[in-house]
Each structure stands twice: as structure tokens, then as C-alpha cells.
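> What follows is a protein structure lacking sequence information:
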């Protein structure tokens, strides 16, 4: 019997704010691909849909299984692996798969997603990777980038790399058709370098893998990039970047340092914007968890976490572990408090703050 896969959100999606204010968990990017795109590649399936919170379902419509098809519900926080995919293939309707008491997947025959298991619960014995907190996006980025690189380039030949470049470990450098790289240093000894279709690395760049650029992304002249860094589709980046993820359509076109950071979609960072990613006393970074209204530890290094449609003015300085909500406008050349969040009335999950002054509901204007 055919199988129909759906990626589901859990209540833990709230702990991924600000990124899940505007998308299901599976639309988060880590590595080269989003979680949903990874599952589509691993399963060899068509487009997958998400079972998410109601206000997002209009933009991300749920596609239920046609009659006579088995529905496979997969936790949207979970990154696919060969072991997980093999286990799912062997499961039967009525079974659920757990890891340490947390549901990974379940198979059902009808369309009642909340139907209890009718067969024995299974415990997955292998290692898994999940995106549960905002900082998991960069924590998993290196491994996810390697996995995605292997997935996307298997059995394929890279477009030629121009002789104007200095390349170390060329077997781990892959250019999609239309990609342009000139007069730069590409060092893939520590991780792969993937340049997407029609993406461009301008002259004079120093790039250490792992590094990935989505379709149409641009790395501007004279940039220094350390792994593991991802520029999502049509993002523009410059300056110094380390271990950061741009979801897509966002700009950091000038100098300034960004480290251990996550930048959502349609964001813009003014010239010389920099973020701290490590405290001067080397103590653990604690970041604001909006859903819990408290600070949580995020490890020794954590930069800025910026939600979609946000922007900051020139010379903005983000303190260690700063969280910027959705559609914020940050300006002023002083160190910011490390949370920039203000809930707005009836728009579920929509956050706005403009230099600590609330602005009327025009925050999306000019971001498309």
C-alpha cells in the first residue's frame, strides 16, 4: 500500500521562536536544505506538507492522504538519516516510534492523527538529531551541511571551477550550473563547499568549508567565511562570518562580524553590524525564551537570533545571545538589550519593536 508522509509540529515548536512564528518547524533551514527538503530527498517523494498550528495552515496547507493510503506522520523537529528512513519503511499502521519517551513517528490508516497506537510502541535505538531550540540550528549545521552535500552531489559532476581560484581539496567543492567563482580561495579541507545554481562568489574572498550557498546567493568582495556557514537562496553576505545560517532572501552586504548566528528570511543588516557570540568571562550564554518568559542556557557561544522581516541600522552592536523577533527595526549605535521582543495584539506570534518604540501594523511593508 502506498504511503503518504506528513511532517507534524509539536507544542515544542514554541521553543523555536522567533523562527516558528512564521513557519512550521520543518521549514527551518540547517545545512544546505530545510528539514522538509531533506525528507523529500531522503524519501524520494513529492512535496511534503506540515501539520502545524492553525494560523500557519493557510500559508502551509495540509495535504491529507488519498483514500486507501497509509499516512506516515513524522516529527518535524527530526532530521532524517538512513537508520530512521529504514525503520519507517518497516513499520506498520498502528505503530508508533519513540526515542527517550518522545514521539518520532506514527503510522495510521485513516485521517485521525491523534488515534492511539494499536500495536506495540517501538523505541528507536540509533542516534538522532533534532532541532528543538534556536541554537540547535547552528549546532547541527556542520553535520547537516555534510549530509546534504553528499545527498545533493552523489553521482553528479561539478561545474568547472575557474583557474583564477586557489582550491584546496577540490573533491569537496561543488558548483551547480550557472555558479560563478573568481579570484578567491576555497579551502574545503575542513568541510565541503557547495555553490548553488546562479550563485556568485565575487573576487578576493577567503572561504573555509563547510560552506553552502543557495540558488542566486551572493558573497561580496573581500569577505572572510569560516565554517559551518549557510547562505540561503538569494541571500547577500559580506564581511566576516562564522558558523551562521541565513534562511534566505536576507542581506548582510557589508563589513562587520557575525558568529554562531541565525538570520531569518527577508532580513537586512546595516553596514558594520556586528554581534558578540561569546561572553568576556567565557561563561555560558543565556538567551531569552519568549514562550517560557525566562532565560535558558545556550552553550559557550551564541550570537544573534533574528526573526523574519527584521532589520537593523548601520553600526548596530548585538550583545551575546540577542533574540530579535519578527519584523523588528533595530537602530542606534549602542549595545542592545539581549531581547527585542514585543507581542502585538491580534496577530498571532507577530512581534514588532522599532528601536524600543512600537510602530503601527505596517511592519511587512517593503519587505517583499
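Ah, there it is. Here the structure is a predicted model, which means the values were calculated and not measured.
> quick one: the strands in the stretch 51-200 of the chain?
70-75, 96-99, 102-108, 122-123, 166-168, 173-175, 180-181, 185-187, 193-195, 200-201 (DSSP state E, counting those that start in this stretch).
> Could you export those as a markdown table, including distance to residue 277, mean neighbour count and mean pLDDT?
To be clear about C-beta, it is placed using only N, CA and C from the backbone, and glycine gets the same treatment. Shown next, in a markdown table, are the strands of the stretch 51-200 of the chain (distance: least, CB to CB, whole Å; neighbours: other CB atoms under 10 Å; pLDDT from 0 to 100):
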| stretch | distance to residue 277 | mean neighbour count | mean pLDDT |
| --- | --- | --- | --- |
| strand 70-75 | 29 | 21 | 95 |
| strand 96-99 | 30 | 18 | 96 |
| strand 102-108 | 29 | 20 | 95 |
| strand 122-123 | 37 | 14 | 95 |
| strand 166-168 | 26 | 15 | 98 |
| strand 173-175 | 27 | 23 | 98 |
| strand 180-181 | 27 | 20 | 98 |
| strand 185-187 | 22 | 19 | 98 |
| strand 193-195 | 22 | 29 | 98 |
| strand 200-201 | 24 | 22 | 98 |
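> Would you mind reformatting those (as CSV) and adding columns for distance to residue 246 while you're at it?
Below are the strands of the stretch 51-200 of the chain laid out as CSV (distance: least, CB to CB, whole Å):
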stretch, distance to residue 246
strand 70-75, 25
strand 96-99, 30
strand 102-108, 29
strand 122-123, 37
strand 166-168, 24
strand 173-175, 19
strand 180-181, 18
strand 185-187, 19
strand 193-195, 14
strand 200-201, 15
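> what about the lengthiest helix in the chain, average pLDDT?
If you go by DSSP state H, the chain has its longest helix at helix 141-153. Helix 141-153 comes out with an average pLDDT of 97.
> for stretch 221-238, same thing?
Mean per-residue pLDDT for stretch 221-238: 97.
> for stretch 331-341, same thing?
For stretch 331-341, the per-residue pLDDT averages 65.
> now swap in stretch 78-95 and tell me
Stretch 78-95 comes out at a mean pLDDT of 95.
> Now do the end-to-end distance for that stretch.
Stretch 78-95 has an end-to-end distance of 18 Å (criterion: CA to CA, to the nearest Å).
> Start the count at 13 instead of 1 going forward.
Shifting the count to begin at 13 puts that one at stretch 90-107.
> got the buried residues for that stretch?
90-93, 96, 99-100, 103, 105, 107 (16 or more other CB atoms under 10 Å).
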